[in-house]
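Q: The following block contains a protein sequence and its predicted model.
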Amino acid sequence: MKSKLLLLPCLMSVFVFTSCNTKKLEAAQTENTRLNAEVASCNTNLKTANDKVTDLNGQLATCTASNASLSQDAAAYKQLKEDIRVQREQFNAALAEQRRALKEIREKIIAGLSSLADSGITVEFQSGLLYVTLPEVLLFKEGSANLGPKANSAFSPLASVLNNYPNVQIYVVGNTDSKPIHTAVFKDNWSLSTERANSIVRILRDKYSVDPTRLLAGGRSKYSPVADNATKEGRAQNRRIQIILNPDLAKLWEMMEK
């Protein structure tokens, strides 16, 4: 009996110990489960973070490449801007030289024709070109394309100046009044105005040795009046020859094409 009484406390102690261990084990297992979940969550977050880092690295590489490309474009643009500045300066310098040459030609022509100052000759700039206008009375009889004796007094000094500027193109344009003409020689005003221009380019070429490749002849008939054809004075002003001096623009066109 005494032995049974001693065994009972021992069994109770074992039960209590076992019960405590079971609770601790369950608690430990619960904690372990929680920690494992946290670890799994951390791993997931870490993977997400790594993916973001990888994506950001990719974006950084793209931005770096784009920046390098933009830097090259900026350098190319800077060079292009500089090239344009240089070309503009060259163009403006060439244009200024052409203006200077035309101004010089104008002064020399005016000086050369000073003895004819009262004859109605005008020397003026229009649209960047130099116009030398000679009245009919100085060159032709009315209705004729044959140059009269007074023509030499105009063309001799004029040709002398033109031969000193070989790059200037020379356009000779005839103009008539509105009175129609129809003769055995001239079918109409077009014929008269054109043949008058031809007579002048021929004398410039043949008598004054002006390079014929610089010469161009044309007629505008009655279609470019400067005065009223209803009056005798107006018609006299319309019957005229225009010698238009055009500077050498080849160099300017070359610059523009670049």
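A: Cool, got the structure. Predicted, not measured: the structure shown is a model, and the values here were computed from it.

Q: where along the stretch 1-150 of the chain do the strands fall?
A: With DSSP state E, counting those that start in this stretch as the criterion, the stretch 1-150 of the chain has strands at 122-126, 129-135.

Q: can I get the ones you listed in a markdown table with distance to R202?
A: The C-beta positions use only the backbone N, C-alpha and C, and glycine is treated the same way. A markdown table is the format used below for the strands of the stretch 1-150 of the chain (distance: least, C-beta to C-beta, whole Å):
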| stretch | distance to R202 |
| --- | --- |
| strand 122-126 | 23 |
| strand 129-135 | 15 |
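
Q: most tightly surrounded among these?
A: strand 129-135 (a mean of 19; mean count of other C-beta atoms under 10 Å).

Q: okay, the nearest residue to R196 once chain neighbours are set aside: pLDDT?
A: Distances taken as C-beta to C-beta, 6 or more residues apart in numbering place G174 nearest to R196, at 4.0 Å, with adjacent residues excluded. Model confidence at G174, given as pLDDT, is 98.

Q: before we move on, what about A49?
A: Turning to A49, the model gives it a pLDDT of 79.

Q: ok, now which ones touch it?
A: With contacts defined as C-beta atoms under 8 Å, 6 or more residues apart in numbering, A49 has no neighbours.

Q: Distance check, it against C63.
A: 20 Å (C-beta to C-beta, to the nearest Å).

Q: before we move on, the earlier item: and Q79, which of the strands of the stretch 1-150 of the chain is closest to it?
A: Q79 lies closest to strand 129-135 among the strands of the stretch 1-150 of the chain, at 36.4 Å (C-beta to C-beta).

Q: Next, the angle strand 122-126 makes with the closest one.
A: Counting by axes from the mean of the first three to the mean of the last three C-alpha atoms, to 10 degrees, strand 129-135 lies at 150 degrees to strand 122-126.

Q: Show residues contacting strand 129-135.
A: Under the contact criterion C-beta under 8 Å, 6+ apart, strand 129-135 has outside partners 102, 105-106, 109, 119-125, 154, 158, 236-237, 239-246.

Q: So among those residues, which ones count as buried?
A: 102, 105-106, 109, 121, 123, 154, 158, 236-237, 239-246 (16 or more other C-beta atoms under 10 Å).

Q: V137: neighbour count?
A: Residues contacting V137 under the criterion other C-beta atoms under 10 Å number 15.

Q: Show me the helices in this protein, by range?
A: 2-112, 136-139, 151-163, 189-206, 232-238, 250-257 (DSSP state H).

Q: got TSV for those, with distance to S178 too?
A: Listed next are the helices of the chain as TSV, based on distance: least, C-beta to C-beta, whole Å:
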stretch	distance to S178
helix 2-112	29
helix 136-139	14
helix 151-163	25
helix 189-206	8
helix 232-238	7
helix 250-257	37
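
Q: Beta-bridge partners for the closest residue to Y171 other than its chain neighbours, please?
A: Spatial nearest neighbour of Y171, excluding adjacent residues (C-beta to C-beta, 6+ apart): I244 at 4.2 Å. Under DSSP bridges, the beta-bridge partners of I244 are Y131, Y171.

Q: N175 contacts I244, doesn't it?
A: No. Assessed by C-beta atoms under 8 Å, N175 is found out of contact with I244, at 11.8 Å.

Q: Now for A236: which residues touch it?
A: Contact analysis of A236 by C-beta under 8 Å, 6+ apart lists 135-137, 177.

Q: How about K222: what's its closest non-neighbour residue?
A: Counting by C-beta to C-beta, 6+ apart, the residue nearest K222 is S178, at 4.5 Å.
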